[in-house]
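Trainee: sharing a model that was predicted from the sequence below.
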Amino acid sequence: MLPWPKLFRRVLLPALLLLLACWGLGCYFETNDDPAIILLLRGTAAAAPVTDLHLYFHGFGALFAGLYQLFPAVPWFGLMLYALLYVATVLVFSVLDQLLTGRVSPAKQVALLVLFFFVAWLEHGFWFNYVRVPLLLAGAGVLFAAQRPQHWGAFYLGVVAFGLSWLIRPAPALMGLLIAAPGAWWLSGRRALPILLSAVLWAGIGAAVLSLTSSSQTKTLAALDVPKAHLNDYQILRPVPRTPSDSLGLQAVANWMMADSTIINEAMFRRATQYQPLWFLRTIAPLKLQVMLRLVVRDYFPLLLLQALLLIWIAKTQGLRQRQWFWLTQAGYVGLLLVLGIIMKLPPRVGLPLFDFWVLSNLLYVLRETRLSSATRPLTLVLTALAVAAGPYAYKTWHRRTVLQAERRHNQQLRAQLTAALPANTLLITDVLPATYKAASPFRNPDPHPAKMMMLSGWTTANPSQAVWRQQLTGTRAYAESIRSLAKLNPRVQLLLTPSGARILNKQLNANGSAAAKLLPESTVRAGAADTLRYYLLHEQSMK
């Protein structure tokens, strides 16, 4: 059992800080990905609760779906992922606290931990995305186990932390392992190898098991997920349509309307997109690099300041030519930052974890190389840097809270306006509502009205559950034919579309020599200067 002061700093203080941040600032989803997953798990956007998300939440999907069926009012997704975020916070606080013990007074230990949370960790719970959890939990578990190589309990905890992270989403878990590995090595050298190799072994065996047990649906989804991300998210692929069908498919993908497998498939991506490195480096990479540099300075200036102080300290005390492996590691972090920035635009859910573990690793290096009696000065510099950055960072965070609150209110009012007149048993087919769940609360389930919503846009439209649902409703999985059949069931089925979504859907309905059909706007539900798109509720299918 931990002594009371350590128990407070390592277990209770993280809980208090997370609760205080959520109470004072609120909690907001960074994107609409999390609500889209919840809608699948609850069965709102599918025929029944989806138990297999195929590429993510391996094993968790069935657990979440079962819990939502038993207790549908409980926000299980948010509660369980925040619980894992709390575990990651406890592990990081434990690593820091153990390093600080004996080097500074208990009061300074608490001050350093509190400032570190508010400057470098608060955003993880405040601006939440599920990807943050595997990144942070995997890295924190590795550091915790590496710091205690003589304790088998710490090793098992580290393995479990990485394993859970990998089950949530394999790629972020591996990135968490990568960015924490230098810190783990500097904590205990070769004694960190058991946890590092165990994590790599887990990932390798897990990948092999998934490869052997994946269904044809999973393989098809994976084959679409990669080029879709490279085209929409990263702009690595260049569109080069060769046929009218290719052009329609690329338009649909650009609008995240991924459900029509007759035009959006692996063959279409191979035929209508190309990897052109020179084109990417000349046209896309410079723009993304500019965006990344601006975001890094704006969003991570406290950690940049702390990083600069640590690097200056190391350069002055050890010299630039000594400890070449340390400086090579810094070059590796910089290279990873550039790759992530140029490829992914460094989204916040990835950027802050990278800077967190980069700073933690360098701090661990400084404290490892500094005798207990000489550690006061660098830690005083760290404390001063965190305190100086806390003021401007608090202002930036409060401004972001104001923006997110306004976005949430707007989205809630918009959803209410769009759906208030619909009967509860209506099936709503829409490409409008997915975007309105951005900035929603992780601790509040998506609106239960209407009870069923078929999303026409978003990455979830490629989920195999959607074709199963269309077949259950209409007797066919064919996208255009099933949508045409559903549109005839007005008023039990309503179509709420954006103008661009309606144009693409009309093209899909009339592709492949289908009978002429067109969806026409019956009424405008929302049109205003504050909205980038006007929304139309489409009731009837008109034949030409």
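Mentor: On my side now, so go ahead.

Trainee: could you use CA atoms for every contact and neighbour count after this?
Mentor: Will do.

Trainee: does Asp233 touch Met344 like I think?
Mentor: Yes. Using C-alpha atoms under 8 Å, Asp233 is in contact with Met344, at 7.0 Å.

Trainee: tell me which of those two has more neighbours.
Mentor: The neighbour count for Asp233 versus Met344, taken as other C-alpha atoms under 10 Å, is higher for Met344 (20 against 14).

Trainee: surely the more buried one is in contact with Ile236?
Mentor: No. The pair Met344 and Ile236 does not pass the contact test of C-alpha under 8 Å, sitting 9.6 Å apart.

Trainee: now do the helices in the stretch 401-544 of the chain.
Mentor: For the stretch 401-544 of the chain, the helices identified by DSSP state H, counting those that start in this stretch occupy 464-474, 479-487, 499-509, in order along the chain.

Trainee: need the ones you listed in CSV (columns: mean pLDDT and mean neighbour count).
Mentor: CSV is the format used below for the helices of the stretch 401-544 of the chain (pLDDT from 0 to 100; neighbours: other C-alpha atoms under 10 Å):
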stretch, mean pLDDT, mean neighbour count
helix 464-474, 95, 18
helix 479-487, 90, 19
helix 499-509, 89, 19
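
Trainee: quick one: the ones you listed as CSV, columns for distance to Ser165 too.
Mentor: Compiled in CSV, those are given as follows (distance: least, C-alpha to C-alpha, whole Å):
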stretch, distance to Ser165
helix 464-474, 24
helix 479-487, 35
helix 499-509, 36
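
Trainee: so for Val291, which of those helices sits nearest?
Mentor: With C-alpha to C-alpha as the criterion, Val291 lies closest to helix 499-509 of those, at 27.2 Å.

Trainee: before we move on, the earlier item: for Met257, find the nearest of the helices of the stretch 401-544 of the chain.
Mentor: Closest approach to Met257 among these is made by helix 499-509 (8.2 Å; C-alpha to C-alpha).

Trainee: chain center to that closest one, what's the gap?
Mentor: 29 Å (C-alpha atoms, centre = their mean, to the nearest Å).

Trainee: all strands of the stretch 1-150 of the chain, in order?
Mentor: Taking DSSP state E, counting those that start in this stretch to define them, one finds strands in the stretch 1-150 of the chain at 28-29, 127-128.

Trainee: nearest to Trp256, out of these?
Mentor: Taking those one by one with C-alpha to C-alpha, strand 28-29 is closest: 19.4 Å.

Trainee: what packs against that closest one?
Mentor: In terms of contact count using 3 or more C-alpha pairs under 8 Å, 6 or more residues apart in numbering; DSSP states H and E, strand 28-29 is assigned the packing partners strand 127-128.

Trainee: for the strand it packs on, which helices and strands make contact with it?
Mentor: Taking 3+ C-alpha pairs under 8 Å, 6+ apart as the contact definition, the neighbouring helices and strands of strand 127-128 are strand 28-29.

Trainee: give the contact list for the most centrally placed residue in the chain.
Mentor: For the chain, the residue whose C-alpha lies nearest the mean C-alpha position (C-alpha atoms, centre = their mean) is Val131; its distance is 3.5 Å. By C-alpha atoms under 8 Å, 6 or more residues apart in numbering, the contact list for Val131 reads Arg169, Pro172, Arg349, Val350.

Trainee: if we use 7 Å, what do you get?
Mentor: Taking C-alpha atoms under 7 Å, 6 or more residues apart in numbering as the criterion, Val131 is in contact with Pro172, Arg349.

Trainee: is it true that Arg238 lies in a strand?
Mentor: Yes. Counting by DSSP: H, G, I helix; E, B strand; the rest coil, Arg238 is located in a strand.

Trainee: OK, contacts around it?
Mentor: With the criterion set at C-alpha under 7 Å, 6+ apart, Arg238 makes contact with Thr273, Gln274, Tyr275, Gln276.

Trainee: which of the helices of the stretch 401-544 of the chain sits closest to Pro241?
Mentor: helix 499-509 (16.0 Å).

Trainee: and the angle from the closest one to helix 479-487?
Mentor: Inter-element angle recorded for helix 499-509 and helix 479-487: 110 degrees (by axes from the mean of the first three to the mean of the last three C-alpha atoms, to 10 degrees).

Trainee: please export the alpha-carbon coordinates of helix 499-509; CSV is fine.
Mentor: Provided in CSV are the C-alpha atoms of helix 499-509 (Å, rounded to 0.1, in the frame of the first residue of the first chain):
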residue,chain,number,x,y,z
PRO,A,499,-27.4,20.4,-51.8
SER,A,500,-24.1,18.7,-52.6
GLY,A,501,-25.3,15.4,-51.1
ALA,A,502,-28.5,15.6,-53.1
ARG,A,503,-26.7,16.2,-56.3
ILE,A,504,-24.4,13.2,-55.8
LEU,A,505,-27.3,11.0,-54.6
ASN,A,506,-29.3,11.9,-57.7
LYS,A,507,-26.3,10.9,-59.9
GLN,A,508,-26.0,7.6,-58.1
LEU,A,509,-29.7,6.9,-58.5
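
Trainee: quick one: the helices in the stretch 151-300 of the chain?
Mentor: In order along the chain, the stretch 151-300 of the chain carries the following helices (DSSP H, counting those that start in this stretch): 152-168, 170-188, 193-213, 216-228, 244-254, 266-272, 277-279, 285-299.

Trainee: closest one to Val104 among these?
Mentor: Using C-alpha to C-alpha, the nearest of the helices of the stretch 151-300 of the chain to Val104 is helix 170-188, at 18.6 Å.

Trainee: which residues does that closest one contact?
Mentor: For helix 170-188, the external contacting residues (C-alpha under 7 Å, 6+ apart) are 131, 134-136, 138-139, 142-143, 146-147, 162, 165-166, 192, 354, 357-358, 360-361, 364-365.

Trainee: per-residue confidence for the closest residue in space to Leu18 that isn't next to it in sequence?
Mentor: Closest residue in space to Leu18, ignoring its immediate chain neighbours: Gly125 at 7.1 Å, by C-alpha to C-alpha, 6 or more residues apart in numbering. Predicted confidence (pLDDT) for Gly125: 97.

Trainee: do you know how far Gly125 is from Tyr28?
Mentor: According to C-alpha to C-alpha, to the nearest Å, Gly125 and Tyr28 sit 8 Å apart.
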